[in-house]
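Enquirer: here is a sequence with its predicted model. Questions after.
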Amino acid sequence: MLEIRPTCENCNKKLPFDAKDAMICTFECTFCKTCVETVLQHVCPNCGGDFVKRPIRPKQLLEKYPISTKIVFKPVDIDAHNKLLQRLKIN
């Protein structure tokens, strides 16, 4: 089951359970759509994978399946990410 992490790993923007701009990779690294499009160029800095829109957990299931409160805030090293993009021939 998805954790539904509460913030963007890069800019720390709040991404509540029903955020329409939350994006995740296959390992559930969580970023806002703005960072995915403008900073990351649709490539996860942690695994090199792509992103999909994070699904919205229905309100009626939040009590039984609570969302994560774990904040992962590690701004992207732009130089390292650009090197990753070059290795992947994205840039």
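Expert: Perfect, I can see it now. Not measured: the values here are computed from a predicted model.
Enquirer: any buried residues in the longest helix along the chain, and which?
Expert: Counting by DSSP state H, the longest helix found in the chain is helix 78-87. Using 16 or more other CB atoms under 10 Å as the test for burial, helix 78-87 gives His81, Leu84, Leu85. C-betas here are computed from N, CA, C, even on glycine.
Enquirer: so what's Leu84 closest to, chain neighbours aside?
Expert: The shortest distance from Leu84 to any non-neighbouring residue, by CB to CB, 6 or more residues apart in numbering, is to Gly48 (6.2 Å).
Enquirer: state the pLDDT value of the one you found.
Expert: Looking at Gly48, its pLDDT stands at 96.
Enquirer: correct me, but it touches Lys89?
Expert: No. Applying CB atoms under 8 Å, one finds Gly48 not in contact with Lys89, separated by 11.5 Å.
Enquirer: can you classify Ile4 as helix, strand or coil?
Expert: State at Ile4, reduced to three classes by DSSP: H, G, I helix; E, B strand; the rest coil: coil.
Enquirer: okay, now Asn12: neighbour count?
Expert: 15 (other CB atoms under 10 Å).
Enquirer: could you find the closest non-adjacent residue to it?
Expert: With CB to CB, 6+ apart, the residue lying closest to Asn12 is Phe73, at 4.9 Å.
Enquirer: then Ala19?
Expert: Per CB to CB, 6+ apart, closest to Ala19 is Arg54, 7.4 Å.
Enquirer: the strands in the protein, which residues?
Expert: Using DSSP state E, the strands of the chain run over residues 22-24, 30-32, 52-53.
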